[in-house]
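Enquirer: Turn this into a structure:
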Amino acid sequence: MGKTGAVRSYLEQKWHDLYRMAYAWSHDPQLASDITQEAVSRALKKAGQLHDEHAIGVWVYRILMNCWIDRYKADRHFEPLPETELHGNDSPVDDIEQQDLVTRVRQALSELSFEQRQIIALIDLEGFSYSQVAEILQVPMGTVMSRLCRARRQLKERLKEQSVMGRRSNNVRRIK
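Expert: Below is the predicted model of the structure:
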């Protein structure tokens with residue numbers, strides 16, 4: 001198949017995953033689409049530079065990361081997270097609870113630093129191993145592990161804070 005064919009095949013299979021990662025980093029559908037397009041274009045142009053076809057995923061995500069960094073340096077801004085409707089076979093109450101959970105998690109994630117959002121997205125959303133993430137980010141594996149630990153701890157704290165604040169607003173009593 002050759003390197004170019006392998007890259008093209010991988011990109012066709014992983015387009016949605018690349019977009020989802022870019023969206024997790026940018027929180028902007030248009031920006032995520034632009035970053036994904038740029039990464040795909042660069043990967044196809046540089047397919048001959050791929051040394052190990054078994055590491056194609058790490059190679060492509062590294063290109064995506066570089067595209068994000070380039071765009072981030074150029075723009076240096078983030079848009080608020082858009083609201084997303086959930087659809088399923090659950091009851092309306094379940095849908096509302098699920099939507100509330102998604103909203104709270106998105107809000108908590110948006111309050112994290114870029115490095116923390118990045119590491120959570122790569123490991124928890126995309127399922128990359130620590131060593132793969134270390135390659136993508138070009139940092140030592142220990143750095144990946146410590147960043148992930150701090151990011152998860154911060155996310156947990158943000159969710160707890162939201163929960164406490166939500167309980168306070170629900171505890172308003174009517175006095176006659």
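
Enquirer: List the buried residues for the lowest-mean-pLDDT helix or strand in the chain?
Expert: Lowest by mean pLDDT, DSSP states H and E among the helices and strands of the chain is helix 92-110, with a mean of 75. Of the residues in helix 92-110, 106, 108, 109 count as buried by neighbour count, 16 or more other CB atoms under 10 Å. Where C-beta positions appear, they are placed from N, C-alpha and C, glycine not excepted.

Enquirer: could you say what helices and strands that helix packs with?
Expert: helix 114-120, helix 141-170 (3 or more CB pairs under 8 Å, 6 or more residues apart in numbering; DSSP states H and E).

Enquirer: coming back round to it: turn the buried residues of helix 92-110 into CSV, columns for distance to residue 59.
Expert: As requested, those are exported to CSV (distance: CB to CB, whole Å):
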residue, distance to residue 59
106, 29
108, 31
109, 26
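
Enquirer: List just the nearest of the residues you listed to residue 65.
Expert: Using CB to CB, residue 109 is the member of the buried residues of helix 92-110 that sits closest to residue 65, with 17.9 Å.

Enquirer: if I look at the residue lying closest to that closest one once chain neighbours are set aside, how far off is residue 155?
Expert: Distances taken as CB to CB, 6 or more residues apart in numbering place residue 117 nearest to residue 109, at 5.8 Å, with adjacent residues excluded. Going from residue 117 to residue 155 by CB to CB, to the nearest Å gives 9 Å.

Enquirer: Overlap of the contact sets of these two?
Expert: Common contact partners of residue 117 and residue 155 (CB atoms under 8 Å, 6 or more residues apart in numbering): residue 109.

Enquirer: for residue 7, what are its contacts?
Expert: Contacts of residue 7 (CB under 8 Å, 6+ apart): 43, 44, 47, 50, 56, 60.

Enquirer: ok, now with 7 Å
Expert: Listed by CB atoms under 7 Å, 6 or more residues apart in numbering, the contact set of residue 7 reads 43, 44, 47, 50, 56.

Enquirer: now for the helix or strand where the first one lies, which elements pack on it?
Expert: Element membership of residue 43 [criterion: DSSP states H and E] is helix 29-45. When contacts are defined as 3 or more CB pairs under 7 Å, 6 or more residues apart in numbering; DSSP states H and E, helix 29-45 sits against helix 2-26, helix 56-75.

Enquirer: Rounded mean pLDDT for that helix, please.
Expert: Helix 29-45 carries an average pLDDT of 91.

Enquirer: residue closest to the middle of the protein?
Expert: residue 24 (3.0 Å; CA atoms, centre = their mean).

Enquirer: Which residue comes closest to it once chain neighbours are left out?
Expert: Residue 24's closest residue in space is residue 121 (CB to CB, 6+ apart), at 3.8 Å.

Enquirer: Kindly report the same for residue 118.
Expert: Nearest to residue 118 is residue 25, by CB to CB, 6+ apart, at 6.1 Å.

Enquirer: Thanks a lot, see you next time.
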